[in-house]
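Participant: I would like the atomic coordinates for the input below:
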Amino acid sequence: MLKNLIILNVLNLGLVWGIDFTPAPVSSNTFGSLNIGWLHSTITGAQRNEVLQDYKSARNAMLFGLKRGFILTEGKTLLLNAWIDGSAGSENKNGLYNFSVGGQIGYRFFDGRVIAFVGGGFEMSNLATPEPKEQYNIYGGIARAEVFIDIAKGYGLSVGYQRGFNEKSKKLLGERFDTQSFFVSVSYYDFSI
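Facilitator: Have a look, this model is predicted:
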């Protein structure tokens, strides 16, 4: 009963407001994407120096990202893209910033209603410190998985997970950090550019 009511309301929105809930059509061999959303990042590090304590910081930030890619197959299902994104937040005394670039391979399921991506790249971030005057940056390689759900003609929701392994800092020689980030964003994919 509830399921039928939800379906009827979605159809009613489409009829009254003229919203087309079909996936974005593919009319080109390239595509672009814009993402704006929220990111939760956790950075951990087991310190090798007995004087320093183990490090753990969980912070939130706003996320902005761009993608540009190619459609590789005749069936217009296999995608290859490069991404660049950044995030900034004001938690802790020196906030959080994060910048990453990389590449992904993706597949369009259900005629493009769902797109899944996996890939890897490079990330740079900062550590939370008690003194706002101090700045410690970390950098290293990352792995990334992401799912986009197309709600209406390329507009939809992206959910993803990003993991950085063995990241290091120039100021903290010999120390290694691991990062985990979960993000949710409103996204737009255009397959006509």
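Participant: CA only for contacts and neighbour counts going forward, please
Facilitator: OK.
Participant: correct me, but residue 79 touches residue 71?
Facilitator: Yes. At 4.7 Å, residue 79 and residue 71 qualify as touching, with contact defined as C-alpha atoms under 8 Å.
Participant: and the closest residue to residue 34 other than its chain neighbours, how many neighbours does it have?
Facilitator: Excluding the flanking residues, the one nearest residue 34 by C-alpha to C-alpha, 6 or more residues apart in numbering is residue 66, at 4.8 Å. Residue 66 is flanked by 18 other residues according to other C-alpha atoms under 10 Å.
Participant: who does the strand or helix carrying residue 145 pair up with?
Facilitator: Using DSSP states H and E, residue 145 sits in strand 137-152. Here strand 137-152 has these sheet partners by DSSP bridges: strand 114-126 (antiparallel), strand 155-168 (antiparallel).
Participant: Distance from the chain centre to that strand, please.
Facilitator: Here the centre of strand 137-152 is set off from its chain's centre by 3 Å, with C-alpha atoms, centre = their mean, to the nearest Å.
Participant: Over to stretch 142-156?
Facilitator: On C-alpha atoms, centre = their mean, the centre of stretch 142-156 falls 9 Å from the chain's centre.
Participant: all strands of this structure, in order?
Facilitator: For the chain, applying DSSP state E gives strands covering 30-45, 55-71, 78-89, 96-109, 114-126, 137-152, 155-168, 176-190.
Participant: Adding distance to residue 23 and mean pLDDT, write the ones you listed out as CSV.
Facilitator: Converted to CSV, those look like this (distance: least, C-alpha to C-alpha, whole Å; pLDDT from 0 to 100):
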stretch, distance to residue 23, mean pLDDT
strand 30-45, 14, 89
strand 55-71, 16, 87
strand 78-89, 16, 92
strand 96-109, 10, 92
strand 114-126, 9, 92
strand 137-152, 6, 90
strand 155-168, 9, 86
strand 176-190, 10, 89
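Participant: Quick one: the ones you listed as CSV, columns for distance to residue 21 too.
Facilitator: Output for the strands of the chain, formatted as CSV (distance: least, C-alpha to C-alpha, whole Å):
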stretch, distance to residue 21
strand 30-45, 18
strand 55-71, 22
strand 78-89, 22
strand 96-109, 16
strand 114-126, 13
strand 137-152, 4
strand 155-168, 9
strand 176-190, 14
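Participant: follow-up on the earlier one: could you dump the strands paired with strand 137-152 into TSV and include distance to residue 38?
Facilitator: As requested, these are exported to TSV (distance: least, C-alpha to C-alpha, whole Å):
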stretch	distance to residue 38
strand 114-126	16
strand 155-168	10
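Participant: What residues are bridge-paired with the residue nearest to residue 90 when sequence neighbours are not counted?
Facilitator: If the residues on either side of it in the chain are set aside, residue 90 comes closest to residue 96, at 6.4 Å by C-alpha to C-alpha, 6+ apart. Beta bridges link residue 96 to residue 89 when assigned by DSSP bridges.
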